[in-house]
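S.K.: Structure here, sequence nowhere to be found:
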């Protein structure tokens with residue numbers, strides 16, 4: 001089983017998730033959006049699995065810094081994917097894949113414990 005964590009290294013939520021994984025002996029590969037980016041194909045796949053509304057972090061600084069006009073343009077999967085590709089910081093983090101299947105978005109210790117039971 002392969003666990004892959006997508007996020008931004010200096011994000012507090014990502015740090016919490018990675019700390020939890022380390023403390024619980026869970027092996028993972030980390031993919032930093034800032035240095036490695038994310039492909040449109042990857043975003044399309046995630047949107048197909050959980051919906052674009054789950055992936056676009058409307059509570060984050062990046063979203064809040066968008067103009068009302070930019071925010072109002074995000075109303076479909078294709079417009080959300082374009083935004084997430086351009087501004088990776090707007091993606092809710094971390095995104096967790098187990099063997100290529102998206103299993104979590106964000107960090108919740110109870111959810112991670114379930115992932116650990118189910119996939120590891």
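M.R.: Arrived safely, thanks for sending. The structure displayed is predicted, hence computed values, not measured ones.

S.K.: Where do the strands of the protein begin and end?
M.R.: Along the chain, counting by DSSP state E, strands occupy 3-7, 29-32, 95-98, 101-105.

S.K.: The residue positioned nearest the centre of the chain - nearest residue in space that isn't next to it in sequence?
M.R.: Residue closest to the average C-alpha location in the chain (Cα atoms, centre = their mean): residue 95, at 3.0 Å. In space, residue 95 comes closest to residue 6 once its chain neighbours are excluded; the distance is 4.1 Å by Cβ to Cβ, 6 or more residues apart in numbering. Glycine gets a C-beta too; all of them are placed from N, C-alpha and C.

S.K.: swap in residue 102?
M.R.: Excluding the flanking residues, the one nearest residue 102 by Cβ to Cβ, 6+ apart is residue 49, at 4.5 Å.

S.K.: That neighbour: how many residues sit nearby?
M.R.: 14 (other Cβ atoms under 10 Å).

S.K.: Quick check: the gap between it and residue 11.
M.R.: For residue 49, the distance to residue 11 (Cβ to Cβ, to the nearest Å) stands at 21 Å.

S.K.: Helices of the protein, residue ranges please.
M.R.: 12-23, 33-36, 40-50, 52-55, 61-65, 68-72, 77-86, 109-119 (DSSP state H).

S.K.: ok, residue 81 - contacts?
M.R.: Counting by Cβ atoms under 8 Å, 6 or more residues apart in numbering, residue 81 touches 40, 43-44, 47, 52.

S.K.: Over to residue 103?
M.R.: Shown in contact with residue 103 (Cβ under 8 Å, 6+ apart): 96-97, 115, 118-119.

S.K.: hmm, 6 Å instead?
M.R.: Neighbouring residues of residue 103 by Cβ atoms under 6 Å, 6 or more residues apart in numbering: 96, 115.

S.K.: next one: residue 41
M.R.: Taking Cβ under 6 Å, 6+ apart as the definition, residue 41 has no contacts.

S.K.: any idea how far it lies from residue 56?
M.R.: Residue 41 is 18 Å from residue 56, by Cβ to Cβ.
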